[in-house]
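>>> Give me the fold of what follows.
(2 chains)
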Amino acid sequence: MSDRIDARFRQLADERRAGLVTFVTAGDPNPSESRRLLAALPRAGADVIELGMPFSDPMADGPAIQKSSLRALEAGQTLANTLAMVGEFRASDDATPIVLMGYYNPIFSYGVDRFLEDATRAGVDGLIVVDLPPEADSELCLPARACGIDFIRLATPTTDDRRLPSVLRNSSGFLYYVSIAGITGTRVGETDVVAGALARIRAHTELPIAVGFGIRTPEQASRIAETADAVVVGSALVDAVEQAPENAAVAVSELVEMLKAGVLSARKA
Amino acid sequence: MDQSNSFRNGPDEDGHFGTYGGRFVAETLMPLILDLEEHFAAASRDEAFWSEFNALLKHYVGRPSPLTFAPRITERFGGAKIYFKRDELNHTGAHKINNCIGQILLARRMGKTRIIAETGAGQHGVATATVCARFGMPCTVYMGETDIERQQPNVFRMRLLGAEVRPVSSGTRTLKDAMNEALRDWVANVEDTFYIIGTVAGPHPYPAMVRDFQAVIGNEVRAQIVEAEGRLPDTLVACIGGGSNAMGLFHPFLDDTGVRLIGVEAGGEGVETGRHAASLTAGRPGVLHGNRTYLLQNDDGQINDAHSISAGLDYPGIGPEHSWLHDVGRVEYVSVTDAEALEAFQLCAELEGILPALEPSHALAHVAKLAPDLGADHLLVMNLCGRGDKDVFSVAEALDVEL
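Numbers count the residues shown, from 1 in each chain, chains lettered A, B, ... in the order given. This is a model prediction of the structure:
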């Protein structure tokens, strides 16, 4: 297990609060602003950073993240650049976990062994690869675990008790619970339904659980933070990048500060 | 042939044809495709399912489609004896309906109440809208804006059939983006929705399932050519986008190693120009839309735009079983250009009185290159998988004719 992810969730447990996981796309809106944005996230309150590896065909994402991916690709982002960004970030921040999130084809094209070598060297802590279900664990999950990189899996409302054990089997770091059956950024699950789902999942695993998909406001973040170990916000942040591309680092930081306040205001159940 | 040496055993239980295929989908969809796989396996073993399927193919689709000798094309090319498998005579004008009948019967069996589909040229969309009308199920078809522009007649046809056509404005606004959008719909509507994929691609079990529904083409050809000529054909030729008509024709012949099989990809403006849709000729293996297969992609693993005059071939991937058959060398894959396909389109109209779709016009363009060097006793069957009425506007535009 990644030391940084492990340490961060221990710290959150000690502080008896939920964490804030922020998603932005690497290279969005352009390489230089994206680097500034990445560096600003921990200061603004991000406990864990999910960094999107842009892909031309993001099948599981809604319009906000699709557009963000395309902006990054049009600005010339490549997987090699994304790994370099992480390396640069690590030089000044050795505590904030970074989880790369995306689709398999760019990694497959880069070469799995070479990718894991470069990701380890850059200081990547975990991977979320949307189109690699447990049935495909030999592709990337097991080799990544062997390198000490966590493979973080998504559980969804369709992941029933029959399916859950196979989802959890090789998961590590934390579990990402998707609060709706749907694409990113569209709507958020009802709080009590989410709480029920988390209770069901916790009967199967000790892993911390982050909840995401559709959380946009400090109020929503606060409600989810009552039951989840961490709250994931993505589409709202990349929307802020779209609206203020010249000033993305500042605009996103302000939003992250508000979301963090929402998370901190939650009463832990 | 020994079972272990058969080309017809795939896929394995995880949906692999060699290293291709598989189930590369988001977790939300995994329980659905596992459920679909179970239901398809049960239906496959159920004679009642197949008799309902075959009855609909006979009485609703109009199968078997004829195998027609093409005397004037044969004479013009001056070599092989050329037959057309007339799947353009099916109800709705293409082979696509075979698969739609199979999948909607499965959807009903699974208790699903809403159908979604993607379409490129519109043929699969029309076929899906048709079976939805026939069985009284609501239907949403995703279609790229670029394709909507060039296939207006099919868009109107789908609407007449009661389907909602949702324009897709993301990405390159063609078939691949329509498929992305259909997958997004499916993820958000998992309870009631059945996704009718139109080609032999996507996550397992789709490639095998669509193949099995389309194999009626090849099975009919086997019987028909034996009746006409007393023996199996020497060569089979079919066009390939995702590859469903080709797979349907080839699969029953895979173990007849004396039968040469040729798949024709869309070479667009020429493979060397980069503006084409020839995934096997110029792509490399990758993962998209639920399966590993040959893809058009850049050095960073981003999917490239495909280009073809034929909207039905304009896809940057290909069914995984074709990728495997390519690697093991059982099927040859070639490409022809837009210009060559246009020429074949006109030739077929003038010499045989048949307007082929632009898709099989690609197959015919390759037959034109191949046939002259073959003997008069060489039996060649080409799949005329769709009719060209939908393409007359695109063809007129390409020929600079104002209608």
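>>> can you give me the mean pLDDT across stretch B:201-210?
If you average the pLDDT over stretch B:201-210, you get 98.
>>> hmm, I was thinking of stretch A:66-79
Averaging pLDDT along stretch A:66-79 yields 97.
>>> How far away from the center of its chain is it?
Chain-centre distance of stretch A:66-79: 17 Å, with Cα atoms, centre = their mean, to the nearest Å.
>>> remind me which residues of chain A are low pLDDT?
Low-confidence segments of chain A (pLDDT under 70): A:1, A:268-269.
>>> Show me the helices in it, by range?
Using DSSP state H, the helices of chain A run over residues A:3-14, A:31-44, A:63-74, A:79-92, A:104-110, A:112-122, A:141-146, A:164-169, A:191-202, A:218-225, A:235-243, A:248-264.
>>> Could I get those helices in CSV, plus columns for distance to chain B?
Backbone N, C-alpha and C define where each C-beta goes, glycine included. Below are those laid out as CSV (distance: least, Cβ to the nearest Cβ, whole Å):
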stretch, distance to chain B
helix A:3-14, 20
helix A:31-44, 14
helix A:63-74, 6
helix A:79-92, 6
helix A:104-110, 3
helix A:112-122, 10
helix A:141-146, 13
helix A:164-169, 7
helix A:191-202, 13
helix A:218-225, 19
helix A:235-243, 14
helix A:248-264, 22
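>>> Just send the ones you listed back as TSV, with mean neighbour count too.
Formatted as TSV, the helices of chain A follow (neighbours: other Cβ atoms under 10 Å in any protein chain shown):
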stretch	mean neighbour count
helix A:3-14	16
helix A:31-44	19
helix A:63-74	22
helix A:79-92	18
helix A:104-110	23
helix A:112-122	17
helix A:141-146	17
helix A:164-169	16
helix A:191-202	16
helix A:218-225	22
helix A:235-243	22
helix A:248-264	20
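>>> Kindly reformat those helices as TSV containing distance to residue B:149.
Formatted as TSV, the entries for the helices of chain A read as follows, by distance: least, Cβ to Cβ, whole Å:
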stretch	distance to residue B:149
helix A:3-14	48
helix A:31-44	35
helix A:63-74	21
helix A:79-92	34
helix A:104-110	28
helix A:112-122	39
helix A:141-146	42
helix A:164-169	42
helix A:191-202	43
helix A:218-225	40
helix A:235-243	27
helix A:248-264	35
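>>> In the stretch 201-350 of chain B, which residue sits closest to chain A?
Nearest residue of the stretch 201-350 of chain B to chain A, counting by Cβ to the nearest Cβ: residue B:301, 2.9 Å away.
>>> was I right about that residue contacting residue A:115?
No: Residue B:301 is beyond contact range of residue A:115, at 10.4 Å (criterion: Cβ atoms under 8 Å).
>>> Now the common contact residues for these two.
Common contacts of residue B:301 and residue A:115 (Cβ atoms under 8 Å, 6 or more residues apart in numbering or on different chains): A:79, A:107.
>>> what residues does the stretch 51-200 of chain B put near chain A?
Proximity of the stretch 51-200 of chain B to chain A, by Cβ under 8 Å from any Cβ of the partner chain, involves residues B:170-171, B:176-177, B:180, B:183-184, B:187-191.
>>> switch to 6 Å and redo it
Residues of the stretch 51-200 of chain B lying close to chain A by Cβ under 6 Å from any Cβ of the partner chain are B:170, B:180, B:183-184, B:187-188, B:190.
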